[in-house]
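**Q** just a sequence and a predicted model for now, questions to come.
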Amino acid sequence: MNPSLKGQAALVTGADSGIGKGVALALAGAGAKLVINYAHNHDAAEATVAEIKAAGGEAFAVQADVSHEDQVKAMFAQMYAQYGTIDILVNNAGLQKDSRFVDMTLDDWNTVISINLTGQFLCSREAAREFIRRGVVEDRSRAAGKIICMSSVHEVIPWGGHVNYAASKGGISMFMKSIAQELAPHKIRVVGIGPGAIQTPINKSAWDTPEALDKLLTLIPYNRIGKPDDIGKLATWLASDEADYITGTTIFMDGGMTLYPGFADNG
């Protein structure tokens, strides 16, 4: 299996670190031209661009807060000026602002919902408009466009102390399915990826000591933590024509976390 994305233009939001960076590197490795979106860390985004270019790929970085409509539109305009169009959107940007439910502020709720869910709406809408305008380009892809919505195991696993995050991921699930249903007649595929525990800066406290890692692994039947490269490989395959008949579903990549391991011994 060697999925090819040669000549396709891809935008990955939140691609300056973690899962987003892993996805961007994998897409570039399959031949895609990348836009590396970031919110704050310019140096990290440029480092991702440099890594792609050093490997012979093409990329540039664009700063945009995906929860702001004007910034999203400006980012897509920059992409079209450089690449002419878009073929692949990976809605990856996300964050956590954790607290007990009774202590959660409205700002903490709104910030997480705005970035994690509204950001996916704004970016997907812009991409879908271009996919419909342009249609299928048969020498590039069988689909008019591909949208990958980065979700989480917490679209199905409740998570006390993180209700804003879990609610945003549950929302992504139904958002993804609904737009997949609406856009399928236009030959636009929309799929979700539900990562489990992936070794990234956002969850460093859960894996950066042997004690923390051992505790985390009790939730993962496969007994290892995931890497951004794992998600990158899946995203690359889902964006390729090898996955052309897949739309409207979330693929969980979690080492079995959604198997509810607490019930392995009869609960």
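**A** Arrived safely.
**Q** in the stretch 101-250 of the chain, which spans are helices?
**A** Secondary structure of the stretch 101-250 of the chain (DSSP state H, counting those that start in this stretch): helices located at 106-113, 119-134, 163-183, 210-217, 228-239.
**Q** just the C-alpha atoms of the second one, please, in PDB.
**A** Taking Å, rounded to 0.1, in the frame of the first residue of the first chain, the C-alpha atoms of helix 119-134 are listed here in PDB:
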ATOM      1  CA  GLY A 119     -13.400  26.100  14.000                       C
ATOM      2  CA  GLN A 120     -14.200  22.900  12.200                       C
ATOM      3  CA  PHE A 121     -17.500  24.400  10.900                       C
ATOM      4  CA  LEU A 122     -15.800  27.500   9.500                       C
ATOM      5  CA  CYS A 123     -12.900  25.700   7.800                       C
ATOM      6  CA  SER A 124     -15.100  22.900   6.500                       C
ATOM      7  CA  ARG A 125     -17.600  25.400   5.000                       C
ATOM      8  CA  GLU A 126     -14.800  27.300   3.200                       C
ATOM      9  CA  ALA A 127     -13.300  24.000   1.800                       C
ATOM     10  CA  ALA A 128     -16.700  22.600   0.800                       C
ATOM     11  CA  ARG A 129     -17.500  25.800  -1.200                       C
ATOM     12  CA  GLU A 130     -14.300  25.400  -3.200                       C
ATOM     13  CA  PHE A 131     -14.800  21.700  -3.700                       C
ATOM     14  CA  ILE A 132     -18.300  22.300  -5.100                       C
ATOM     15  CA  ARG A 133     -17.100  25.200  -7.300                       C
ATOM     16  CA  ARG A 134     -14.200  23.200  -8.800                       C
END
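**Q** packing partners for that helix?
**A** helix 69-83, strand 88-91, strand 145-150, helix 163-183, strand 188-195 (3 or more Cβ pairs under 8 Å, 6 or more residues apart in numbering; DSSP states H and E). Using the backbone N, CA and C atoms, a C-beta is placed for each residue, glycine as well.
**Q** ok, the second one: who's next to it in the sheet?
**A** Applying DSSP bridges to the sheet, strand 88-91 is found paired with strand 9-12 (parallel), strand 145-150 (parallel).
**Q** what ranges in the chain fall below the confidence cut-off?
**A** 1-3, 267 (pLDDT under 70).
**Q** could you export the strands paired with strand 88-91 as TSV, including mean neighbour count?
**A** TSV is the format used below for these (neighbours: other Cβ atoms under 10 Å):
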stretch	mean neighbour count
strand 9-12	29
strand 145-150	28
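**Q** so can I have CSV of those showing distance to residue 262?
**A** Shown next, in CSV, are the strands paired with strand 88-91 (distance: least, Cβ to Cβ, whole Å):
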stretch, distance to residue 262
strand 9-12, 34
strand 145-150, 26
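**Q** rebuild the helices and strands packed on helix 119-134 as CSV, extending it with distance to residue 121.
**A** Converted to CSV, these look like this (distance: least, Cβ to Cβ, whole Å):
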stretch, distance to residue 121
helix 69-83, 10
strand 88-91, 9
strand 145-150, 10
helix 163-183, 7
strand 188-195, 12
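**Q** ranking those by burial, who's on top?
**A** Mean neighbours per residue, mean count of other Cβ atoms under 10 Å, is largest over these for strand 88-91, with a mean of 29.
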